[in-house]
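Visitor: requesting a structural model of the entry that follows:
(one chain, ligands or ions: 1)
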Amino acid sequence: MGIAKKRSDWEHLAASLTINGRAFINGSYVEAAGGDSFDCISPIDGRVLAKVVSCGPEDADRAVAAARESFESGSWSRLAPVKRKQVMLRFAELLETHADELALLETLDMGKPVSHARSVDLPAAARAIRWSGEAIDKLYGELAPTAHNEIGMITREPIGVVAAIVPWNFPLLMACWKLGPALAAGNSVVLKPSEKSPLTAIRMAALAKEAGIPDGVLNVLPGFGHLVGEALALHMDVDTLVFTGSTRVARQLMIYAGRSNMKRVWLEAGGKSPNIVFADAPDLGLAARAAAEAIAFNQGEVCTAGSRLLVESPIRDQFIAQVRAELAKWQPGHPLEPETRCGALVDRQQLQTVLGYIAAGSEEGATLVQGGNQVLQSTGGVYVEPTLFDGVHNQMKIAREEIFGPVLSVIEFDGMEQAIAIANDSIYGLAAGVWTADLSKAHRMAKALRCGSVWVNQYDGGDMTAPFGGFKQSGNGRDKSLHAFDKYTEIKATWIAI
Ligand code: NAD
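Guide: Numbers count the residues shown, from 1 in each chain. All right, here's what the predicted structure looks like:
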């Protein structure tokens, strides 16, 4: 099916969907061992979309056992890389063939505009699978510079059983950033999607099987973090735990690894990224557009959201006026309307969190200059206006904590040194934007900023060729690019006397 364009097309497709809420273990859809389930509610209108099984420790045991068995069998782990590549490419193709259905499921489940799910999430998810598949038969080992009578081989091996725990903001895409290199490298995976957005991961499992991923190599366990998530993190037979989510849970996972089998733990966690606009920015109009998009795209539910807007004093008033005009173009609307740029927040709990931060901003003395309200209540869904606070200083709660909603804080600064000090004064270190026409200032800023990605005269650039991840409490390790394979392979040295 081609790209559905009108709201009625999407509604028609939605009416024809059969939504699957079961776990996927060893190549089959199954109920949870304990028979538990929960309602999967759409934030668009409060409708129950499906009953989804709530997995627990027994399901984690079943899935890990299936993953282990498939790994040891060699059906995937010992397949020639070129053969794994072919399956991965087929998997990517199937994601593309089913892009309308998957984009719609994503939107119904977590509220983002379907036009973005279809044009951003789905192509990027397929690209992640394809890129990793294409890379895997081009990764060579090394030979050590040994003495004449020895050979030292340095090779990479798949690690074994990977547990992947992912969040709800880009559910399919975050899963594919993990699955791409994990599967391409020959591991077996147990994927736990967020309880707030499990539907695309569940659907994707069947497509992986159709592509030729052997039974047991990809398992999907829907359910809650404190139940099945914790069981996977504490599991004695999981070799590697890869995670995208909050810093709070990331910390907990390191403890679980220490308490169990010292499994490797790779964390992509939260952010509070500064977007720094100098008075000599080459195009303030472009910077204002990007600043609005950096906080309103995906309803601000983005780890790299440019939530601290640092503006140099001489341009402050002019620039804030430009940002206000741009932000006004992001009024929330129905996520199935093709023109909608800002959809629903993921659920009522997230709404309360965001409204709580908006109240805290006002209480701490920041000036609310735009937005701040829940809207579209009559839909039964959860929508909040993009919100702008001026007069924020970096010690305020809204400047220190990740809000994960469309709430932008303007912090004024004078000169490069102050910009660096404010930008780096955060427990997070995920990303930063810098706007300046001065090349040497751009480079000096890029070197000084303590974060994993720096964007100059743009915000949120990048593709599969660039690694993505954080400094400080934004996590460790990198997704995307060849660096991602570090998470999914062990390095072995083999020393041979000849
Ligand atoms: P979260 O930490 O609440 O949940 C993430 C996942 O962890 C979910 O699947 C959840 O069920 C699971 N979980 C929760 N408690 C657990 C426990 N005790 N044991 C095991 N698993 C547990 O995060 P979220 O609210 O789903 O997502 C938002 C967060 O994700 C934000 O902090 C955001 O910055 C972060 N994020 C980071 C990146 C990145 O690449 N750095 C990308 C996207 C999102």
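Visitor: now residue 47, nearest residue through space, not along the chain?
Guide: residue 41 (7.0 Å; C-beta to C-beta, 6 or more residues apart in numbering). Glycine gets a C-beta too; all of them are placed from N, C-alpha and C.
Visitor: contact partners for the one you found?
Guide: Counting by C-beta atoms under 8 Å, 6 or more residues apart in numbering, residue 41 touches 47-49, 347.
Visitor: out of the residues you listed, which is most surrounded?
Guide: Neighbour tally across those (other C-beta atoms under 10 Å): the maximum, 21 neighbours, falls on residue 347.
Visitor: how near is that one to the ligand?
Guide: Here the criterion is C-beta to the nearest ligand atom, to the nearest Å. By it, residue 347 lies 10 Å from the ligand.
Visitor: doesn't residue 382 make contact with that residue?
Guide: Yes - A contact is recorded between residue 347 and residue 382 when judged using C-beta atoms under 8 Å, the distance being 6.5 Å.
Visitor: so what sits against both of these two?
Guide: For the pair residue 347 and residue 382, residues contacting each of them under the criterion C-beta under 8 Å, 6+ apart are residue 43.
Visitor: for residue 107, which non-adjacent residue is closest in space?
Guide: In this structure, residue 107 finds its nearest non-sequential neighbour in residue 114, 4.1 Å apart by C-beta to C-beta, 6+ apart.
Visitor: thought that neighbour was touching residue 336?
Guide: Yes - here residue 114 lies in contact with residue 336, judged by C-beta under 8 Å, at a distance of 5.4 Å.
Visitor: which one of these two has more residues nearby?
Guide: Under the neighbour definition other C-beta under 10 Å, residue 114 and residue 336 were set side by side, and residue 114 has more, 29 against 23.
Visitor: from the ligand, how far off is that one?
Guide: 20 Å.
Visitor: which parts of the protein sit against the ligand?
Guide: With C-beta under 6 Å from any ligand atom as the criterion, the chain comes near the ligand at residues 165-169, 174, 192, 194-195, 224-226, 229-230, 233, 244-246, 249, 252, 268-271, 303, 402, 404, 430, 470, 474-475.
Visitor: for the stretch 51-200 of the chain, just list every one of the strands.
Guide: 142-143, 150-158, 161-165, 188-192 (DSSP state E, counting those that start in this stretch).
Visitor: other SSEs contacting the second one?
Guide: Secondary-structure packing of strand 150-158 (3 or more C-beta pairs under 8 Å, 6 or more residues apart in numbering; DSSP states H and E): strand 142-143, strand 489-497.
Visitor: now do the first one: everything it contacts.
Guide: Outside of strand 142-143, the residues within contact range by C-beta under 8 Å, 6+ apart are 151-154.
Visitor: need those in JSON lines (columns: neighbour count and distance to residue 309).
Guide: Compiled in JSON lines, the contacts of strand 142-143 are given as follows (neighbours: other C-beta atoms under 10 Å; distance: C-beta to C-beta, whole Å):
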{"residue": "151", "neighbour count": "13", "distance to residue 309": "56"}
{"residue": "152", "neighbour count": "14", "distance to residue 309": "52"}
{"residue": "153", "neighbour count": "14", "distance to residue 309": "51"}
{"residue": "154", "neighbour count": "12", "distance to residue 309": "46"}
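Visitor: what's the closest of these to residue 262?
Guide: Distance ranking of the contacts of strand 142-143 against residue 262, using C-beta to C-beta, places residue 154 first at 23.1 Å.
Visitor: would you check how far apart the closest one and residue 147 are?
Guide: Spatial separation of residue 154 from residue 147 under the definition C-beta to C-beta, to the nearest Å is 16 Å.
Visitor: which residues touch the residue in the stretch 51-200 of the chain that the ligand sits nearest to?
Guide: With C-beta to the nearest ligand atom as the measure, residue 167 is the residue of the stretch 51-200 of the chain nearest to the ligand, at 3.1 Å. With contacts defined as C-beta under 8 Å, 6+ apart, the neighbours of residue 167 are 174, 194, 244-246.
Visitor: what's the answer for residue 198, then?
Guide: When contacts are counted by C-beta under 8 Å, 6+ apart, residue 198 is found next to 21, 40, 52, 109, 171, 222.
Visitor: please apply the same query to residue 463.
Guide: Under the criterion of C-beta under 8 Å, 6+ apart, the contact list for residue 463 reads 127, 480.
Visitor: can you check the one 5 residues further on too?
Guide: With contacts defined as C-beta under 8 Å, 6+ apart, the neighbours of residue 468 are 177, 268, 452-453, 462, 478-481.
Visitor: so it bridges to which residues?
Guide: Judged by DSSP bridges, the bridge partners of residue 468 are residue 479.
Visitor: of the contacts of residue 468, closest to the ligand?
Guide: Compare each of those with the ligand using C-beta to the nearest ligand atom and the shortest gap goes to residue 268, at 3.3 Å.
Visitor: any idea how far that closest one is from residue 353?
Guide: 20 Å.
Visitor: how about residue 128?
Guide: Distance check for residue 128 against residue 353: by C-beta to C-beta, it reads 29 Å.
Visitor: more neighbours, those two?
Guide: A side-by-side neighbour count of residue 128 and residue 353, using other C-beta under 10 Å, places residue 128 first with 27 against 16.
Visitor: these two touch, right, that one and residue 176?
Guide: Yes - under the criterion of C-beta under 8 Å, residue 128 makes contact with residue 176 at 4.1 Å.
Visitor: wait, residue 328 sits on residue 370?
Guide: Yes - at 7.5 Å, residue 328 and residue 370 qualify as touching, with contact defined as C-beta under 8 Å.
Visitor: higher neighbour count, these two?
Guide: A side-by-side neighbour count of residue 328 and residue 370, using other C-beta under 10 Å, places residue 370 first with 17 against 14.
Visitor: give me every residue that touches the closest residue to the more buried one other than its chain neighbours.
Guide: Closest residue to residue 370 in three dimensions, ignoring its sequence neighbours and counting by C-beta to C-beta, 6+ apart: residue 388, at 4.1 Å. In this structure, residue 388 makes contact with 320, 323-324, 327, 368-371, 408, 410, judged by C-beta under 8 Å, 6+ apart.
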